[in-house]
Every structure is written in structure tokens, then in C-alpha cells.
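Chemist: I'll drop the sequence and a predicted model, then ask my questions.
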Amino acid sequence: MPSPPRVELDGVAVSHGPVTLLRPVHGMVEPGSCLVVRGDNGSGKTTLLRVVAGVQEASAGQVLVDGEGVDPRDPSFRARLAGLLGPSAVYRDLTVYEHLLLVDASWGGDPGTVEERIDEVLHALTIAALADRFVSELSSGQRQLADLALVLFRPGDLLVLDEPEQRLDSERRGIVADLLRRRVEAGATALVATHDPVVAEALGDAELELVVAQE
Ligand SMILES: Nc1ncnc2c1ncn2[C@@H]1O[C@H](COP(=O)(O)OP(=O)(O)OP(=O)(O)O)[C@@H](O)[C@H]1O
């Protein structure tokens, strides 16, 4: 298995005309570590994570993953990335279980063990009882847990997670923080934006504090 990636934030900045979304950010996320991204509302956490995941372009600077620029269409980058950037797209008529089957098949998971692995991730996230429910009919917190299951089911070793604790009760926030910590320890590099000090403490090897741009 390749080692987890090193991520370099090399003066990454985003603006739209005169509006600054993200002031220049410099930093390094070491392989197998978790960078927690903090900052007030509007400081650019989501924007930074979107640039790292390749869904938004930087207007200055660049993100380097193992020394290479991010290309969201490159199959090897896509295979590495496991991103939570807002609610996932879902099929109205597929269950939680069926969505996980789809993700696993897309990334070449072993069909012989998939049932067991789905059980495991759903139990770990406390949503085993929801396996046969439509994703589109879950409560907002249940939906967040299902979205996390879809992310964790990808084989990627670059986790880019925007407020994974959003809409979760305090017990489940702890459970999610522990699960993510274990995933990093098993061989992943993570960037996680959070407003939750408990999640930040449990997960972060380092912190990056963003500051709201003054126009
Ligand atoms: N599509 C967009 N067009 C223009 N400005 C945007 C757009 N998306 C975000 N912004 C602006 O960019 C800045 C950073 O937003 P961003 O969502 O990255 O902040 P954040 O730190 O994630 O905030 P929060 O803690 O509220 O989630 C804000 O001033 C926001 O208004």
C-alpha cells in the first residue's frame, strides 16, 4: 500500500473579482497526520477544502499532493480522495445499503466481503438500523452519518472533511471523531474543518486558524 500523501498549501488564495474568499494560506500536512482547519464563519474553511479536493480553483498559489498539482479528473487523485463537502448526491429510490454497494463497486471493493464491511461501517456510525431506508428520507443528523459512511467506504487516503460533526448530537460527535482518528492512524492524511473544540482536540495533530478577509 502506498504511504499517505503529503499535502502542501503553497500560498493558496481565492478571490472573485474584488471579493476575497480566502486569504493566502501556507502550510504542510505531513503524511499520516490530521490538520484541523479552524476560523470564524466566512473565514474560508470550506473554500480551502474545496481547493484541496479540486472542486474549486485557487486564484493564487497552489495545493500540492506529494509534490503534484491537484487534478480532479486524474484517476489516481480521484482514487486517493475521500471528501465530505456538503451533502452527497443521492438516488431517491436507493437505500443506504444500496448506496454503499454502489460506492464499493465503483472503487473495486471485494464483492465477497462487502456485506460484512457495510455492516461494520453502519454499526460503527450507529446507523445499522437504517440500512434499508432511503437516504433521501433520513433526518438531517442521520443523513450526515450516512454521508460519512459513504465517505469512509471509499478507499482513499486523503480525507478532506468539512464539518463532519455537523448536525450530530454530542455522543455521535465523539464517535465520529474516534472513527476518523482511527482512519488517519491506519494510513491517511486528513484536512478537517470544524467548529467543535472536542473534535479538534481528538483529531488534530496540527491546527490552521483562518482569518476573515477584511474588504
Ligand atoms: N460562491 C461564492 N461566491 C462568492 N463568495 C462566496 C462564495 N462562497 C463563499 N463565499 C464567500 O467566501 C468567504 C468564505 O466562505 P467559506 O464558506 O469558505 O467560509 P467558512 O469558513 O467555511 O464559513 P462557515 O464557518 O460559515 O462554514 C465568505 O465571505 C463567503 O461569503
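Modeler: Sure, I can see it.
Chemist: for whichever helix in the chain runs longest, name the packing helices and strands.
Modeler: The helix that spans the most residues within the chain, counting by DSSP state H, is helix 170-185. Using 3 or more Cβ pairs under 8 Å, 6 or more residues apart in numbering; DSSP states H and E, the elements in contact with helix 170-185 are strand 34-39, helix 140-152, strand 158-162, strand 189-193, helix 197-203. C-beta here means a position set from N, CA and C on the backbone, and glycine is covered the same way.
Chemist: run the angle between the second one and strand 158-162 for me.
Modeler: What that stands for is helix 140-152. Interaxial angle of helix 140-152 relative to strand 158-162 (axes from the mean of the first three to the mean of the last three Cα atoms, to 10 degrees): 160 degrees.
Chemist: which strands and helices sit next to helix 140-152?
Modeler: Contacts defined by 3+ Cβ pairs under 8 Å, 6+ apart place helix 140-152 against strand 81-84, helix 96-106, helix 114-124, helix 170-185.
Chemist: list the buried ones in that helix?
Modeler: Judged by neighbour count (16 or more other Cβ atoms under 10 Å), helix 140-152 contains these buried residues: 142-152.
Chemist: quick one: which of the residues you listed is nearest the ligand?
Modeler: Comparing the buried residues of helix 140-152 against the ligand with Cβ to the nearest ligand atom places Gln144 closest, at 14.5 Å.
Chemist: tell me, how many residues neighbour the closest residue to that closest one other than its chain neighbours?
Modeler: Setting aside the residues directly before and after it, Gln144 is nearest to Arg167 in space (Cβ to Cβ, 6 or more residues apart in numbering), at 4.8 Å. For Arg167, the neighbour count with other Cβ atoms under 10 Å is 14.
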